[in-house]
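Trainee: This is a predicted model, with the sequence first.
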Amino acid sequence: MRTLIIFALVLGLISCETVDKNQAIAVKQVNGLYVYILSEPRMQVEPLGEVHNDVIAQLNEATSGKSKFTQILKGITTTAGKNVDFQQVLQHMTALAREQYPDAEALIFDSNLRHARVVKFRLPYPSSY
C-alpha cells in the first residue's frame, strides 16, 4: 500500500507543470501604444521624448474667455473630472504621445501619471540571430 501511495505522489509531482513567471506578463495597449506603469519593457528601448499631463494648462484652456462664475466652475470641474479618471488620463497621454511622436511604440510611467517617457523598441541586429 505504501508503494502505491509513493508512486501516486511521485507521479503527481512529475506531472505538475511549473509556470515561468516571465511568460505570465501581458502588456496592454492604449491607443495602439504599450503602457508600462512602474515597470519597464524587457527589451531595449530608444527614447523619443516625454509627454506631460499639464493640469494647469488644461484649467487655463477650460476657463479662458469665460466671465460668468458658473462657466468657470464648469470648466474647472470638467478638467478635474478628466484628471481623476485613470482611463481618461491614459487616453489623453497616449493621444499626446501619438501626436508628438508618430514613431512611438510605448509609454513608460515611472512615478506618476502626469509624466511619461515615450519610447520605441530597439530590434536586435540580424547578426545576433
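Mentor: Sure thing, it's come through.
Trainee: in the protein, what secondary structure element scores lowest on mean pLDDT?
Mentor: Least confident helix or strand, the chain: helix 55-63 with a mean of 53, by mean pLDDT, DSSP states H and E.
Trainee: which residues sit in contact with residue 33?
Mentor: Going by CB atoms under 8 Å, 6 or more residues apart in numbering, residue 33 touches 94, 97, 98, 104, 105, 106, 107. The way it works is simple: take the backbone N, C-alpha and C, and place the C-beta from them, glycine included.
Trainee: now what about stretch 104-113, what contacts it?
Mentor: For stretch 104-113, using CB under 8 Å, 6+ apart, the contacting residues are 33-41, 45, 48, 51, 53, 86, 89-90, 93-94, 97-98, 115-121.
Trainee: In helices only, show me the contacts of residue 33.
Mentor: Counting by DSSP state H, the part of the contacts of residue 33 found in helices is 94, 97, 98.
Trainee: so can I have a markdown table of the residues you listed showing pLDDT, distance to residue 2 and neighbour count?
Mentor: What follows is these, written out as a markdown table (pLDDT from 0 to 100; distance: CB to CB, whole Å; neighbours: other CB atoms under 10 Å):
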| residue | pLDDT | distance to residue 2 | neighbour count |
| --- | --- | --- | --- |
| 94 | 92 | 61 | 23 |
| 97 | 94 | 64 | 27 |
| 98 | 94 | 66 | 17 |
